[in-house]
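Trainee: From the sequence below, what's the structure:
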Amino acid sequence: MQIIQPEEVLAESYPPLSEHEALVEANRCLYCYDAPCTQACPTHIDIPKFIKKIATENLVGSARTILESNLMGASCARVCPVQELCEGACVLNAEEKPIMIGRLQRYATDHVYQRNIEVFRAGSATGKKIAVVGAGPASLTCAGELAKLGHRVTVFEKRELPGGLSTYGIIVLREPVEVALAEVEMVKRLGVEVKTGLELGRNLSLEELRAGHDAIFLGVGLGSVPAMGIPGEEHILDGLNYIEASKMNPHNLEVGQNVVVIGAGNTAVDCATVAKRLGAQQVTMVYRRTDQEMTAYPHEYAFAKNEGIEFRFLSQPLGVLSEGGRVSGLRCVRMELGAPDASGRPAPQPVTGSEFVLKADQVVKAIGQEKPSLAKLLGLATEKGYIKVSDDLETSLPGVYAGGDCVRSRGSASTVMAVQDGKLAAFAIHRKLMPQGVAADD
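Mentor: Just a heads-up that it's a prediction; the model follows:
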């Protein structure tokens with residue numbers, strides 16, 4: 001019997017580029033003027049510039065170009081949907097393969113992290129103090145940019161480790177924990193203080209933060225996976241907890257032989273991948289609509305099929321079956337699509353008399369996350385349940401800003417969008433606190 005080693009089957013999908021591979025790839029770039037790849041990047045990294053610096057073997061300069069626009073460039077090099085963004089916009093798509101922008105970005109940023117090279121320094125002290133709540137990509141970016149501008153920043157994080165979903169919620173195939181924590185250490189070296197085990201609304205109050213700081217940034221993400229309200233739901237595992245266990249303690253993660261994952265987004269694909277890689281014989285993803293409406297990126301869907309993961313579309317779970325306290329199946333009903341609902345997608349309707357049972361000994365749900373409960377607790381204005389912010393990312397409370405998934409009422413939530421929010425919020429805070437100064441992007 002073959003023993004599965006999680007460290008091997010869940011290792012990063014792509015190995016790092018060698019020096020020769022990076023130079024060859026960098027020299028393929030056309031260094032376009034007004035490059036479409038840069039326009040497609042939500043953080044607007046000057047991609048031709050950083051690639052040109054790799055080609056001339058100036059890796060520190062390359063990393064600086066990346067990190068000036070995207071302080072979480074090492075994470076984004078791994079988790080960004082480059083096929084939909086920069087690489088998807090590459091002019092070489094028409095006749096040959098696009099430049100491997102993501103892997104080149106990883107090559108440059110890994111170079112400085114592995115050698116502990118300081119790319120930036122803290123700015124001259126302004127005497128202003130900012131509190132940042134949460135330690136995910138939006139918060140860390142905001143904190144780092146503010147520190148570069150000379151402000152004193154303290155990050156308050158409820159979990160044991162900072163990094164947010166980069167640390168806990170993205171599978172190792174895409175981002176190892178060490179990469180997320182290296183970015184945290186970089187931000188701390190800029191003078192940012194990170195305090196863990198402190199949660200706003202539990203052992204930390206907004207009044208306390210407002211009294212001791214000149215501005216506040218909220219990067220609190222979203223809530224837990226919502227309840228489905230079906231019989232036997234107590235046997236369903238939370239998808240985010242499933243991924244966290246695969247990163248933090250994979251040897252103790254119990255994986256079934258017949259695993260069913262409810263949902264068809266990128267997190268659901270990640271859960272299914274973990275199950276398949278860790279030994280499940282059969283992994284099936286169940287979704288009430290079709291592959292045309294699923295929220296996973298097309299390349300993630302293709303990846304899952306290549307892993308041998310099966311899909312049951314137009315299927316709605318009705319209840320979990322169990323025997324002796326252990327899962328034995330998932331009762332479902334077939335669906336058909338009707339008129340569009342509030343999401344703009346065709347609304348699924350059950351087909352009478354079409355119930356069936358999927359064999360399963362483990363069921364995992366990855367059906368999105370609840371809206372941020374903190375908005376109601378703090379009395380913040382909301383939009384579709386998300387924290388409502390101005391163009392400067394300021395909430396309805398003056399001096400309190402927010403960014404990342406907790407404000408994403410429009411568009412798709414992603415690490416790179418959170419980073420851009422954190423950066424723009426930092427510059428807005430700086431302009432507000434230092435009206436005679438000049439923000440870094442002005």
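Trainee: got a pLDDT number for the residue located most distally from the centre of the chain?
Mentor: Residue farthest from the centre of the chain, counting by Cα atoms, centre = their mean, is residue 353 at 39.8 Å. Looking at residue 353, its pLDDT stands at 96.
Trainee: what about residue 179, how many neighbours?
Mentor: Neighbours of residue 179 under the rule other Cβ atoms under 10 Å: 25. The way it works is simple: take the backbone N, C-alpha and C, and place the C-beta from them, glycine included.
Trainee: And the closest residue in space to it that isn't next to it in sequence, which helix or strand is it part of?
Mentor: Closest residue to residue 179 apart from its sequence neighbours, by Cβ to Cβ, 6 or more residues apart in numbering: residue 74 at 5.5 Å. If you go by DSSP states H and E, residue 74 is part of helix 73-79.
Trainee: Residue 146 now?
Mentor: helix 137-148.
Trainee: which ones are touching residue 421?
Mentor: 138, 141-142, 219, 393, 403-404, 407 (Cβ atoms under 8 Å, 6 or more residues apart in numbering).
Trainee: Model confidence for it, exactly?
Mentor: Taking residue 421 on its own, its pLDDT is 97.
Trainee: ok, now residue 440?
Mentor: Listed pLDDT for residue 440 reads 44.
Trainee: same deal with residue 178?
Mentor: For residue 178, the predicted pLDDT is 96.
Trainee: Return the host helix or strand of residue 132 as CSV; C-alpha atoms alone will do.
Mentor: Assigning secondary structure by DSSP H and E places residue 132 in strand 129-133. Taking C-alpha atoms only, strand 129-133 is exported to CSV below (Å, rounded to 0.1, in the frame of the first residue of the first chain):
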residue,chain,number,x,y,z
LYS,A,129,-0.8,56.6,14.3
ILE,A,130,-3.0,54.3,12.3
ALA,A,131,-4.8,51.1,13.4
VAL,A,132,-5.3,48.3,10.9
VAL,A,133,-7.8,45.6,11.8
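Trainee: Neighbouring strands - and their directions - for it?
Mentor: strand 152-157 (parallel), strand 215-218 (parallel) (DSSP bridges).
Trainee: what does the first one rub up against?
Mentor: Going back to what we said before, that points to strand 152-157. Contacts for strand 152-157 (Cβ under 8 Å, 6+ apart): 125, 127-135, 139-140, 143, 146-147, 162, 187, 191-200, 204, 209, 213.
Trainee: what residues does the helix or strand just after it touch?
Mentor: Toward the C-terminus, strand 152-157 is succeeded by helix 165-168 as the next helix or strand (DSSP H and E). Residues from elsewhere that reach helix 165-168, judged by Cβ under 8 Å, 6+ apart: 72, 75, 79, 136-137, 159, 161, 175, 177, 179-181, 183, 221, 240, 243-244, 247-248, 415.
Trainee: pLDDT at the residue nearest to residue 179, what is it?
Mentor: 97.
Trainee: Please apply the same query to residue 224.
Mentor: For residue 224, pLDDT reads 89.
Trainee: What strand or helix carries it?
Mentor: Counting by DSSP H and E, residue 224 is found in no helix or strand.
Trainee: Dump the strands paired with strand 129-133 to JSON lines, plus mean pLDDT.
Mentor: Output for these, formatted as JSON lines (pLDDT from 0 to 100):
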{"stretch": "strand 152-157", "mean pLDDT": "98"}
{"stretch": "strand 215-218", "mean pLDDT": "98"}
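Trainee: Against residue 228, how distant is residue 297?
Mentor: 24 Å (Cβ to Cβ, to the nearest Å).
Trainee: And residue 98, which helix or strand is it part of?
Mentor: Per DSSP H and E, there is no helix or strand for residue 98.
Trainee: which one is it nearest to, not counting chain neighbours?
Mentor: residue 90 (3.4 Å).
Trainee: With residue 139 instead?
Mentor: residue 219 (3.3 Å).
Trainee: What are the structural domain limits within this structure?
Mentor: Domain segmentation of the chain under automatic domain parsing yields 6-114, 129-223+370-433, 233-365.
Trainee: if we can go back for a sec, the residue nearest to residue 139 touches residue 162, doesn't it?
Mentor: No: taking contacts as Cβ atoms under 8 Å, residue 219 lies outside contact range of residue 162: 11.0 Å.
Trainee: Now the common contact residues for the two.
Mentor: Between them, residue 219 and residue 162 share the contacting residues residue 135, judged by Cβ under 8 Å, 6+ apart.
Trainee: So for the two, which sits in the more crowded spot?
Mentor: residue 219 (30 against 26).
Trainee: quick one: contacts for the more buried one?
Mentor: 132-139, 142, 164, 402-404, 406, 418, 421-422.
Trainee: Where does the prediction get shaky in the stretch 1-150 of the chain?
Mentor: For the stretch 1-150 of the chain, residues meeting the criterion pLDDT under 70 lie at 1-3.
Trainee: on that earlier part again, for the buried ones among the contacts of strand 152-157, write the corresponding ChimeraX selection.
Mentor: Of these, the buried ones can be selected in ChimeraX as follows, counting by 16 or more other Cβ atoms under 10 Å:
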select :128,129,130,131,132,133,134,135,139,140,143,146,147,162,187,191,192,194,199,200,204,209,213
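Trainee: which residues of the stretch 301-442 of the chain score low on pLDDT?
Mentor: In the stretch 301-442 of the chain, residues with pLDDT under 70: 411, 437-442.
Trainee: repeat that for 80
Mentor: Residue ranges of the stretch 301-442 of the chain with pLDDT under 80: 343, 409-412, 436-442.
Trainee: No further queries at this time; thank you.
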